Each structure stands twice: as C-alpha cells, then as structure tokens.
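Chemist: make a model of this:
(3 chains, ligands or ions: 5)
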Amino acid sequence: MQNKYFVSRFYKGWQIFIENPLGKTGVIILSVFMIMAIASFFVPLIDPMYDPMTGIDPDIKLSTGPGLTHWLGTDNVGRDILAQLLEGAKVAFIVGLSSAFFSIVIGTLIGMIAGYTGGIIDAILMRFADIIMVLPSLVILLILASLFGQFNIWIIVFIIAILRWPAVSRVIRSQTLSLKHRPFIEASRVAGASHVRIVLRHIMPNVLPLAFLYMTFRVTSAILVEAALSFLGFGDPSQVSWGMMLQWVWKSGHMFQAPYWLIPPGLCISLLTLAFYMLGRAMDEVLDPRLRKEGQTG
Amino acid sequence: MEKADSKSRILVEMKQVTKAYASRKKLFTRSSPQVLALNSIDLSIAKGEVFGLVGQSGSGKTTTGRLLVKLESPTAGEIFFNKTPISQLKGPGLKTYRSRVQMIFQDPYQSLNPHLSIAETVLEPLIVQKIGTPDTRTEKVVHTLDTVGLSPGEAFFNRYPHQLSGGQRQRVAIARAIVLEPQFIVADEPTSMLDATIAIQLFQLLEQIKETFGMTFLFITHNLAAARYMCDRIAVIHDGHIVEVNTADNIIRHPEHPYTKQLIKVQPGFKYTR
Amino acid sequence: MSLLSVDHLSIGYQTKNGMLKAVDNIHFDLEKGQSLGFVGESGCGKTTIGMALMGLLPENAVILDGHIRFQGDDLISLTETQWQTVRGAKIAMIFQAAMNALNPVMPVDEQIKEAIITHQPDISKTDLADRMKELFDLVDIPARRMKDYPHEYSGGMKQRAIIAMALACDPALIIADEPTTALDVIVQDQILREIKKVQEATRTGLVFISHDIAVVASVCERICVMYAGQIVETGTRKEVFKSPRHPYTRTLLNSYLSLDNLNDIRVPDMKESPDQTVDTDECRFAGSCAYARGCAGRSPDWIDISPTHKAFCCNPDVIRRGHGKS
Ligand SMILES: Nc1ncnc2c1ncn2[C@@H]1O[C@H](COP(=O)(O)OP(=O)(O)OP(=O)(O)O)[C@@H](O)[C@H]1O
Ligand SMILES: Nc1ncnc2c1ncn2[C@@H]1O[C@H](COP(=O)(O)OP(=O)(O)O)[C@@H](O)[C@H]1O
Ligand code: SF4
Ligand SMILES: [Mg+2]
Ligand SMILES: [Mg+2]
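Modeler: Numbering: from 1, shown residues only, chains lettered A, B, ... in the order given. Ligands and ions are numbered 1, 2, ... in the order given. Below is the predicted model of the structure:
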C-alpha cells in the first residue's frame, strides 16, 4: 500500500526534478559516469592488458600519449589510463554512495532520537554532534593514516561516514522537533503506540525525503575527501581511484609532462561532484514546495 | 439514594485539577513565570453523556482534553476514570486506558499522517492494542469506515489524506477514534476548521455514533450553538476556571455568570436580520 | 459612475489537470459607502476575487474574460508600477490572519506612518501626527499604546492596528478577506463592530469575504452567495437571509447552527464539490441539489425576484416559490 503512494509521489517529484535545468544536467552527467562505471567491468575482459591495476602492455615501458590501442595513453608502467579512469568512476560511486549512505543512516537515527526524546539525551547527543562537526575530517583522516599507515578503501568509507553525520542529524532533529507535537503523532500516542513505533512509523517516513536530500550533498564531500586522501598518498594502494591516479602522476614526476594522464582524473572528480551537487539543488526544489513554480504539485 | 445512584454512573471525574505551564523564559527576567492554564477545576461526566466545554481561546479547553487523554499530567489534583485515579496508571493499565479513551483533534489537515493510507491510519490503533487477527482487523476497518460515512470502505482503503477533503479527513479521524470502541471520546473543536454544511453533517455522525455505541463525549467548542445542539450539559470555562455548569438549555436560557451572558451575546447569529 | 464595477469576470488557474475556473462569469457593482459581502464554502473562489481586485493574483492565474472598473479606470490593464499607486492608497486590503503581517521589531505607529509616507511623501510632521491620532481614535486603540511593539498587543488589538493601517491613506475601497477567522468569538464580535463603525464613518466602499454567513450578515448590506466559482444568489441582507431562494443558499442557511434556529436545522446531503477544471454550462450545484429536476443539459439563468434580489437557476418555479425553508 505504502509503496504505491511512494511510487506516485516519486513519479511526481521526478517530473518536477527533470524539468529543472540543474536536475537535468546533473542526471545527464551522472548517467555518463554510470556508464563508465559499468564499462569498467567489461574492459579487462577484452584483453588482460586493460586491467587497470595489473594489466601491463608488454610493448610499452614508458608513459605514452593517446593512441589506437590506448585511447587515452598509458601510465609509466604501461597500464591503460582509460581503463583506470573507468575503474575510478566505479570506485568513486562506491565510496561516495556508501559513505553518504552510512552517514545518513547514523545521522537520521541520532537526529530522530535526540529530537524525539529531548531533554538530557538530546543535549548530550547534540553536544557530541557539535564536537564532531567542527573536526576537520581531512586532517583527522591524515592523522589517523599517519598513525596506522595506509587504509583499506572500506575503512576510509567508514571513517568519512563517522565524521559526516552531525550536519544531517541536526537537520533531522529539528524536523523531528516540529513533527513531535503534530496531532497525528499525539493521536497515535492516545491509541497507545510505543515510542519506538511512533519514531519508526510516523516520524521516519516524514524525515526520509530530507535525509535523501542531504545524502546527495554528502556524496560530493565523500568523493572529494577520498580523492584528496589518495592524492596525498594515504589511499588504498591496492585500489585504483582518481585520487590515486593523480598521486601516481605526481609521484612518477609526470605532473607537467603528461597532461593526457593528469587532466582526465582531475576533470572527472570535478564533474562528478558537480553533478551530485546539482542533483541536490534540484532535489531541494522538489522537496521544498516554496521553491516550486505554482501549479506544480508534488 | 438518588445521589448514590447518579454517583455510580459517573465515568470521568476531575478533582481540584490544576495545570501550570512554565512559560518560555524571557530574556533578562530571572524567574520563569508560569501560565496557569487550569486553576483547580472540578468536573464530572456521567456515562453516556455528551458534556460540552465552552470558552474563548486560551481559556483552557484543549488543556482539559489533553489531561483527560493523558497526553499531559496535572500539576495538582487528580482525574478519575471509572473511579480509578489515572495518574497511577502505568504499563498494561495505561495501555488499557488508552484503548478506552480517544481524542479527535481540531485540525483535520494536521491530525492525519500524510504518509499513511486511510486503511493504515485506522488500522493503527488495532495493531497497537493487538486486537484481532489481520483478517478481522481489515473487516473491522471497513466496517468502521462505513459507519463514519466513508462507504464503501474499500474505496477509501488505499487513498491518502491529501486526496480527501477536510470533511472526509475529519471522518477518518473519527473512524480512528472509534475503531477501538472506546468508552470516552474527547472531541476538540472537531468542526471549527470546516464549513457549516460539513460541520452539521459531522455533528449528526457523532450523534449517531453515540446512539449506536453508547459512548460518552467531552465536546470542546467555542460555538455555543453547536454545544447546545450536541450536548446534554455544558460547562463554561474562563481563564482556567469553570464559571458555570448547567444543562444545555439552562445555560443558554438562564445564564447566571456574567461571562456566560457575554459569551451568548457575541455568538454570531442572525440577530442583525431577524 | 459606480465606485467599483465588475463585469463578466472569469479567472482561471493553470494546473496540472488543466485550467481550473476559480471565478466564473462574475458580475457586481459597488457604490461609494456601500458594503458587499461574499459568502461560500472553502474553495469557492472568494479569495481569488479579492486578490484580483488588489492586482495580487498568483503567477499561474489568468484573467480569462471580463473587466474590473474602479472609479472608471480598467484595473486589469494596469502595469505593476501603476498598481503601486492604487494598492494601499485607493484600494486597501485586510488579510486573513493579518495580525501576523505586522513587523515584530518596529513600533506599531512607525509601521502605520510608513504606510502613509509611502503614498504621501511630502506630508508635514504635524499633519502626520494629526492623522495618526485620528486613525487610532477611529479603531479605538488608546493613544498611549501607539508606540508599543506588536507583541505587546493582544490578537484583537493587532487586528485593529491592521485596520488602521488599511485606512491610513483614506482609501476609497477596502477589501477584507476573512478578517476574523483566526480570532475567537469575543474578539471577532469587537472587530466586526469596529469594521462596520469605521466603514460607516468614513463612507468607504467595503468588499467583505467570509465563509461564515452570520459574520457576513452582521457587516454587509448586500450579499453575494457563491458556489464553485459562480455567484448563485445576490440580494440585500434581508432578502437573502429572510427569504433565500437558490437551493444552495437554502442548504447553507438550513445547516447553519445559531442560538435561535436550533429546531429547524436540516442536515444536508452534500456531495463532493464539483471539479472546476471541467468546463460546463450546466448547474454546478446539481449534484447536491434537492430540486434538480430536468436540470441536466440545461444552463441556469438569472431569475429576478425583486429589483435587488436574483438567483441563478434553471427552475423559475423553485426560485419563485416563496419563503426560504425547503
Ligand atoms: N495558486 C493557486 N493555484 C491553483 N489553484 C488555486 C490557487 N489558488 C486557489 N486555487 C483554487 O481556486 C479555487 C478558489 O480558491 P480560493 O482560495 O479563492 O477559495 P476561498 O473561497 O477563498 O477558499 P478558503 O475559504 O479555503 O480560503 C479553489 O478550487 C482553489 O483550489
Ligand atoms: N504547551 C504549552 N506551553 C505553555 N503554555 C501553554 C501550553 N499549552 C497551553 N498553554 C496556555 O494555556 C492556556 C490554555 O490553553 P488551551 O487549553 O490551549 O486553550 P484553548 O484550547 O481554550 O484555546 C493558554 O494561556 C495557553 O497559552
Ligand atoms: S439549476 Fe437545478 S440543480 Fe441547479 S440549483 Fe437550480 S434546481 Fe438545483
Ligand atoms: Mg484549543
Ligand atoms: Mg480564502
């Protein structure tokens, strides 16, 4: 029953969304990256030399520019740059979406609990959130990395999530506060519903749209943090990513010799984060009826 | 004898009930002043009675209702339901109380969860109170929707609040309140947001429900005419004090307290034309 | 020349489901010093008329047809800059829940002064002070409370201040849209008296909008009853309330609870209000009308009962058949 409602709501929201120039551009750019990420699964199947990590072209020992067998050229050990770029798209999606997802889950839960219970629990949770919020995540990650060495990609995802939930929880908390005394919540209390039921059944569906909005912004920041970390040499060395590619350009001293190697990953990072940002802005408009043009109903 | 008899029929009783809210602290003032929403009020409602509570806004009507359904606790005094003090209720006792006492809220646009379908909204009390099996519950919901005039009930099952008019929403809220067949319902200005033609149909529905189920009502309103139409007895509340209680007819025809007289004088009517 | 004359006015809103005709072929006149009330259920188009008279229709509204003439000028053709010299100066409006429209960080008298200075930039200090005193006198706010901030006022006083602000430039026409709906009965009574008193004293034209017939009856001399975008009955207050003719007006009056009509309340069997995106010439009330016989396929027409009283219906029998209770 609920699904049908969400489907129709989603469909209406989608229509408004896609009419929005920002949303449209975002979706187009994102689709391109999506195709790249999917392609990354197939490229190594063509020829093992196109494996982004281990595929070394036996004929090439140096970084070479674009050519027929390597459309974007190769790196200094003869690996295909295009293949790495595709792999990077996949990794960016994994890192961005999963860490955004975890931070949204944590932030939403904590925000709902703080807003709903109020009092001392609220105060403690929110102070805690404030403390984490002012921590500079990149610096923290760098400190941790220098203490424990290079991280596995999933640990990076996890740490970004842990550092990025407070802003979400603040928003969700204030939304919860405004919902808490709405008559439909009180009606449920009068019927004898437990607190857990009220939070899950009545408050959660009403804050989820907002949580998803925040998710798109979180994706952007997670991708940037991961790229920066990799570039600075603290990324997962067994995993190709755009940041890692930049790191390799830098470390192998090709920064100024091989623009064909330097520019693609840099461009991709900017474009993908921009796409998610545009998506978020467009979604803002879908969710906030005040920003909507009259006559559109969502 | 007579007296003892009428006492035994009392369902709800408020004794010396006071409710103070700490009003928001003003900047620069040290003590936080209190708002006395209710000032030591006494009230008793008999089984099967429709009891009206009338007063201007801010007089304490909603507060009384919220105390009775235990959304709030009194600062002083005690409320009795079937002679049991309700402040003592906890755990299973409280849950049973919640199934016996329900509330209908003022604003039909705020009192339904926009994300729940009509069926889910009316089902919720049954699920929460663990009454029946999924099949009997569904049957019960259809039946209740029919009772409140949303028929055929199945046709409204999968609709959402935003697809209903204000009057229909209030009917759903009534269905949610009666689906547990409570003994006592607090109706807080159930029609003040609705047009006259819709309001009168809802009044008729409430009357019909009262006849069929023998429920007791606390009917809160600022409209004396509506109170007189619906209620057996009416209490007039002013600034947290009950200033007068009497049968509906007597309150209108022979008001005693000056405030009641003023309230009657300002009721909109066709005095300018007739 | 009438103060205000509205001629075959139709206003639509562009919606996803097509053009919604919120105001459908509306016709009325208002003379100086007169008051005209609009009553009807929520969504029948009252606010839309008020907004059209103020040139404040939302972006997706379209004036489909008709004219609005105010002191001889056609308001529909005004540009936004021209509107600014009319709005607030010649036509003023009191909104629903208008007390929230006061600026909380500015004393009330400053806000009203500002309203005056906007339209009369070269008014002298003494004239301004005189005018302020006059205005506060008119709405019965003691002069010593003039310099208070809005939060120091009660709800009723704020609404009075709003009335004073509407009167500030001595407008020829005031539009009041549900000015008391957010207030309780006691304050409502005071404000209604205030509006009536002020209107009579200043001889301003008044268009008064409410969903509550008793409220309209207490303020206006002439009444228009609206249903689904159309005026279905119009007449003097006495005519409409003592001898309602249109089936909808009868339903409305029969179901209105007041202290003196408890015994002859009739519960109507009202259906959903009609879908106004569907264009039709047939009677919009037919779905809920107890007299609908042979009305399908016909278009209603105006039927005169007296020179001032008429109703919009297909059945002259129903309309002419005397006294109101159905
Ligand atoms: N901005 C808008 N966009 C689309 N439709 C609108 C808009 N404003 C009003 N309507 C529609 O126009 C019709 C008339 O609306 P209006 O607000 O004038 O009614 P009203 O009589 O003032 O009702 P209420 O008492 O609820 O304020 C309604 O069907 C309403 O849904
Ligand atoms: N949660 C609250 N916090 C502070 N004051 C409140 C609260 N609820 C009600 N009040 C105050 O209590 C008084 C009675 O309010 P209420 O019972 O809501 O009145 P009514 O329902 O008659 O309009 C008012 O003065 C109101 O401002
Ligand atoms: S035209 Fe027919 S349906 Fe419409 S009001 Fe008149 S009698 Fe009723
Ligand atoms: Mg109230
Ligand atoms: Mg309106």
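
Chemist: going forward, measure contacts and count neighbours with C-alpha atoms only.
Modeler: Will do.

Chemist: the residue in the stretch 151-274 of chain B that ligand 2 sits nearest to: how many residues sit nearby?
Modeler: Per C-alpha to the nearest ligand atom, residue B:240 is where the stretch 151-274 of chain B lies closest to ligand 2, at 7.0 Å. Look at residue B:240: counted by other C-alpha atoms under 10 Å in any protein chain shown, it has 22 neighbours.

Chemist: any stretches of chain C with poor pLDDT?
Modeler: Low-confidence segments of chain C, defined by pLDDT under 70: C:97-99, C:261-263, C:322-326.

Chemist: in it, what residue lies closest to chain A?
Modeler: Closest to chain A within chain C is residue C:15: 4.7 Å, counting by C-alpha to the nearest C-alpha.

Chemist: any idea how far stretch A:267-281 is from the middle of the chain?
Modeler: Distance of stretch A:267-281 from the chain centroid (C-alpha atoms, centre = their mean, to the nearest Å) equals 10 Å.

Chemist: same thing with stretch C:35-47?
Modeler: 6 Å.

Chemist: check stretch B:114-132 too.
Modeler: For stretch B:114-132, the distance to the chain centre is 20 Å (C-alpha atoms, centre = their mean).

Chemist: pull out the buried residues from that stretch.
Modeler: Neighbour counts over stretch B:114-132 (16 or more other C-alpha atoms under 10 Å in any protein chain shown) mark B:114-129 as buried.

Chemist: and of the residues you listed, the nearest to residue B:244?
Modeler: Set against residue B:244, the nearest of the buried residues of stretch B:114-132 by C-alpha to C-alpha is residue B:125 (35.7 Å).

Chemist: as a check, name the ranges of all strands in the stretch 151-274 of chain B.
Modeler: Remark: strands assigned in the stretch 151-274 of chain B by DSSP state E, counting those that start in this stretch are B:184-188, B:216-221, B:233-238, B:241-247.

Chemist: redo those as CSV? Include mean pLDDT.
Modeler: Formatted as CSV, the strands of the stretch 151-274 of chain B follow (pLDDT from 0 to 100):
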stretch, mean pLDDT
strand B:184-188, 96
strand B:216-221, 96
strand B:233-238, 96
strand B:241-247, 96
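
Chemist: what's the closest of those strands to residue A:155?
Modeler: strand B:184-188 (54.3 Å).

Chemist: kindly export that closest one (C-alpha atoms) in CSV.
Modeler: The C-alpha coordinates for strand B:184-188 follow below in CSV (Å, rounded to 0.1, in the frame of the first residue of the first chain):
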residue,chain,number,x,y,z
PHE,B,184,-15.0,8.1,26.3
ILE,B,185,-14.1,10.4,23.4
VAL,B,186,-12.7,13.9,23.7
ALA,B,187,-13.7,15.9,20.6
ASP,B,188,-11.6,19.1,20.5
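
Chemist: distance between the ends of stretch C:296-309?
Modeler: In stretch C:296-309, first residue to last residue: 25 Å (C-alpha to C-alpha, to the nearest Å).

Chemist: does ligand 3 sit close to that stretch?
Modeler: Yes - taking C-alpha under 6 Å from any ligand atom as the criterion, stretch C:296-309 and ligand 3 are in contact, through residue C:300.

Chemist: just the buried residues of that stretch, please?
Modeler: Quick answer for stretch C:296-309 (16+ other C-alpha under 10 Å): C:300, C:303, C:304, C:305, C:309.

Chemist: I'd say the second one and residue C:246 touch.
Modeler: No - here residue C:303 does not reach residue C:246: they are 9.9 Å apart, not a contact under C-alpha atoms under 8 Å.

Chemist: got any residues that touch both of those two?
Modeler: Taking C-alpha atoms under 8 Å, 6 or more residues apart in numbering or on different chains as the criterion, residue C:303 and residue C:246 both touch C:311, C:312, C:313, C:319.

Chemist: give the bridge partners for the first one, please.
Modeler: Counting by DSSP bridges, residue C:311 is bridged to residue C:233, residue C:303.

Chemist: quick one: the helices in the chain?
Modeler: You didn't pick a chain, so chain A it is. Applying DSSP state H to chain A gives helices spanning A:2-19, A:21-46, A:81-117, A:119-134, A:137-148, A:153-180, A:183-190, A:195-197, A:204-231, A:242-251, A:259-287.

Chemist: hm, I was asking about chain C
Modeler: Ranges of helices in chain C, per DSSP H, are C:46-54, C:80-86, C:108-119, C:125-138, C:155-167, C:185-202, C:213-219, C:237-242, C:247-254, C:316-320.

Chemist: let's see the first one as PDB, backbone CA atoms only.
Modeler: Right, helix C:46-54. The C-alpha coordinates for helix C:46-54 follow below in PDB (Å, rounded to 0.1, in the frame of the first residue of the first chain):
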ATOM      1  CA  LYS C  46     -13.700  34.300  -2.700                       C
ATOM      2  CA  THR C  47     -10.000  35.000  -2.100                       C
ATOM      3  CA  THR C  48      -9.400  34.800  -5.800                       C
ATOM      4  CA  ILE C  49     -11.800  37.700  -6.300                       C
ATOM      5  CA  GLY C  50     -10.200  39.700  -3.500                       C
ATOM      6  CA  MET C  51      -6.700  39.100  -5.000                       C
ATOM      7  CA  ALA C  52      -7.900  40.200  -8.500                       C
ATOM      8  CA  LEU C  53      -9.300  43.400  -7.000                       C
ATOM      9  CA  MET C  54      -5.900  44.100  -5.500                       C
END
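
Chemist: so which bits of it are buried?
Modeler: Here helix C:46-54 shows C:46, C:47, C:48, C:49, C:50, C:52, C:53, C:54 as buried, counting by 16+ other C-alpha under 10 Å.

Chemist: now the fourth one: closest residue in space that isn't a chain neighbour?
Modeler: Read it as residue C:49. Closest residue in space to residue C:49, ignoring its immediate chain neighbours: residue C:23 at 7.2 Å, by C-alpha to C-alpha, 6 or more residues apart in numbering or on different chains.

Chemist: what's the spacing between that neighbour and residue A:128?
Modeler: 56 Å.

Chemist: looking at chain C, which residue is nearest ligand 3?
Modeler: Distance from ligand 3 to each residue of chain C (C-alpha to the nearest ligand atom) is smallest for residue C:286, at 3.5 Å.

Chemist: by proximity to ligand 3, which residue of chain B wins?
Modeler: For chain B, C-alpha to the nearest ligand atom, closest residue to ligand 3: residue B:197, 15.9 Å.
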